[in-house]
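Peer 1: build the 3D model from these lines:
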Amino acid sequence: MTTTHETPVDMQPATFSTDIAGLDESIAPAVVDLAAEDVFDLRIAPVVKQIGGNRVRMIAYNGSIPGPTLRVRQGSEISVRVRNDADIDATVHWHGLRLDNKYDGSHDTQEPIAIGGEFIYKVRFPDAGLYWYHPHIREDYGLDMGLYGNIVVEPADPDYWPPVNREYVVTLDDVLLEDGRITPYNLDGPNFVAMGRFGNVMLTGGENNLELTARAGEVVRFYFTNTANTRLFNVNIPGARMKLVGGDSGRYERHTFVEDALLSPSERAIIDVFFDNAGTFSIAHRTPMRSYTLGTITVTDEPIDESLRTQFEELRTAPDLSAERARIEVDRDRAPDKTLAFESLMPLLYGDPNAHADTWTCPMHPDIVSTQPGTCPKCGMKLIAAASPPTASSAGHAHAHDTPDGLEWEDLMPDINRASDSHNMTWKLVDRDTGLANGHIDWAFTVGDQVKIRLVNDLHQDHPMHHPFHIHGAGRFLVLSRDGEPNPNLVWKDTVLVRANETVDILLDVSNPGRWMAHCHIAEHNQSGMMFSFPVAESARPTPTV
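Peer 2: Next up, the predicted model:
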């Protein structure tokens, strides 16, 4: 089946500018150490970015993509004065931080920063770990154009992390380049809503071939963040040993040696890597179908100051997470307090449900043909009416999704995805108890609540696919189980990947009053409505007398 969606030239939607005339060149990202009470200036403005042989218009924080990496101390608070010199109103969301609600940076918590305007955020850092900042208005546009940067919160406990010889903070992203420019974004809202906007060029640390260095015998800590709109990254460094030590909000319950680390959009992984020998090593993104090279690490045989091999071999256990495991046992088998379902409607493809057809096929697997309507045995997607059986040439993507892992690794229906928007593709978060969806969901909690939330992503929908589910700073959560199987290694999270045909139970530790958002972190999904907000009240429990 070959599907095309062409719009007459005089009906093409208005788009954001791709013009590079008069723009400053992008610069290398800075690393900025900030002490408590410091004031930091952050400017949002367009730049020219060199990507391979192309000079393209992007948007940067302080002139760089990614923006500055901020290094701060746990327990501190800083002020960030943001100036918006871009082409759209802005906010800055401080992803994963349990800060004062009015500085969260969503449209629920502040008036947008107008073009030419400023806003001062007060940002506090109660938890050690790796966090990041990005837009929350037209996130599909600003985030993909380069507005992202990391925050490393150094722990108050000097023994929190094992020692390393050096550290690298690395963002993982992709952009869609066509005709020498980044494919334009519609002014009136996102497109590529079906699967999210996949890129065809990888940007690692803002570069299409990141180059790093190390020395043989060193242990190197990598702070990885997936900043992409929709792409999953499965990171590995072939030939080197990797140890997973941290995630979204701090350290894991148990350090583990791993072959790779899967990150959905907005998730983070802190990985210690031991380079035993000199040589050239790749940073790779490995999928079931292919492997991408994201960057290279040149390891020299220069002498090192100190060998940390013994410490690298040690698999530490975090006593605070072990205590959490004992505490949450009572929650593991009890009924959920809330059940949230991921659902989709795709009238772009399915139109009249009573339409007659002689054959039916899968939009993503055109080799699947049926004489009756139904669902695809490979991915669960509803079959669509086909005028005639597909030809071999139109089934060219069929091989790319034949792994039953519930994950969309690539854009398998690019023409359909490009034509999809919020008018012809509907993504919903649905409260199974009330039937309310997206912005109509009416949850309410109180500080101190322990809320068990069941996330259900079944195949009874038009387009089953994975979703990274994110909760803003109302608290942190632990993943209790996946499809009833207990989570073997706890870490505090703000985003969890829910695969197609998977049920995930999480336990939200509600600790921060205010009005907080929850949403899918595929940018085109949340910007087309797949989000809601809920209030958290101050605790009414009486204060104990001394």
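
Peer 1: only C-alpha atoms for contact and neighbour calcs from this point on.
Peer 2: OK.

Peer 1: longest strand of the chain?
Peer 2: Across the chain, the longest stretch assigned as strand under DSSP state E is strand 39-51.

Peer 1: following that one in sequence, what is the next regular element?
Peer 2: Per DSSP states H and E, the first helix or strand lying C-terminal to strand 39-51 is strand 54-61.

Peer 1: counting by contacts, list what that next one packs against.
Peer 2: Strand 54-61 makes packing contacts with strand 39-51, strand 181-182 when contacts are defined by 3 or more Cα pairs under 8 Å, 6 or more residues apart in numbering; DSSP states H and E.

Peer 1: which of the residues in it are buried?
Peer 2: 55-61 (16 or more other Cα atoms under 10 Å).

Peer 1: then that strand to CSV, C-alphas only?
Peer 2: Taking Å, rounded to 0.1, in the frame of the first residue of the first chain, the C-alpha atoms of strand 54-61 are listed here in CSV:
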residue,chain,number,x,y,z
ASN,A,54,24.4,22.2,6.4
ARG,A,55,24.0,25.6,8.2
VAL,A,56,20.6,25.7,9.8
ARG,A,57,18.5,27.9,12.0
MET,A,58,18.1,26.6,15.5
ILE,A,59,17.3,28.1,19.0
ALA,A,60,19.8,28.2,21.8
TYR,A,61,20.2,28.9,25.5
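
Peer 1: and the angle from that strand to strand 39-51?
Peer 2: Calculated by axes from the mean of the first three to the mean of the last three Cα atoms, to 10 degrees, strand 54-61 forms an angle of 170 degrees with strand 39-51.

Peer 1: can you name the next helix or strand after strand 54-61?
Peer 2: Downstream of strand 54-61 (by DSSP H and E), the next one is strand 69-73.

Peer 1: how far does that next one sit from its chain's centre?
Peer 2: 20 Å (Cα atoms, centre = their mean, to the nearest Å).

Peer 1: parallel or antiparallel, which strands does that strand pair with?
Peer 2: strand 31-33 (parallel), strand 149-154 (parallel) (DSSP bridges).

Peer 1: outside of that strand, which residues touch it?
Peer 2: Residues outside strand 69-73 that contact it (Cα atoms under 8 Å, 6 or more residues apart in numbering): 29-36, 125, 128, 149-156, 169.

Peer 1: return the set of buried residues in the helix or strand following it.
Peer 2: Next along the chain after strand 69-73, taking DSSP H and E as the criterion, comes strand 77-84. The neighbour-count check on strand 77-84 (16+ other Cα under 10 Å) flags 77-80, 82-84 as buried.

Peer 1: for the helix or strand following strand 77-84, packing partners?
Peer 2: For strand 77-84, the following helix or strand on the C-terminal side (DSSP H and E) is strand 93-95. Secondary structure elements in contact with strand 93-95, counted by 3+ Cα pairs under 8 Å, 6+ apart, are strand 129-134.

Peer 1: re earlier: among the buried residues of strand 54-61, which two are most distant?
Peer 2: Greatest spacing in the buried residues of strand 54-61, by Cα to Cα: 55 and 61 (18.0 Å).

Peer 1: show me the contacts for residue 96.
Peer 2: Per Cα under 8 Å, 6+ apart, neighbours of residue 96: 131-132, 248-249, 472-473, 494.

Peer 1: swap in 10 Å and give it another go.
Peer 2: Residue 96 is in contact with 104, 125, 127, 129-133, 248-249, 266-267, 470-476, 493-495, counting by Cα atoms under 10 Å, 6 or more residues apart in numbering.

Peer 1: likewise residue 90?
Peer 2: Counting by Cα under 10 Å, 6+ apart, residue 90 touches 44, 82-84, 105-107, 111-115, 117-119, 134-139, 142.

Peer 1: so of these, which ones are in helices?
Peer 2: With helices defined by DSSP state H, the entries of these inside them are 139, 142.

Peer 1: drop anything exposed from the contacts of residue 90.
Peer 2: Among the contacts of residue 90, those buried by neighbour count (16+ other Cα under 10 Å) are 44, 82-84, 105-106, 112-115, 118-119, 134-139, 142.

Peer 1: residue 282 belongs to a helix, doesn't it?
Peer 2: No. Under DSSP: H, G, I helix; E, B strand; the rest coil, residue 282 falls outside any helix and is assigned strand.

Peer 1: distance of it from residue 498?
Peer 2: Residue 282 sits at a distance of 29 Å from residue 498 (criterion: Cα to Cα, to the nearest Å).
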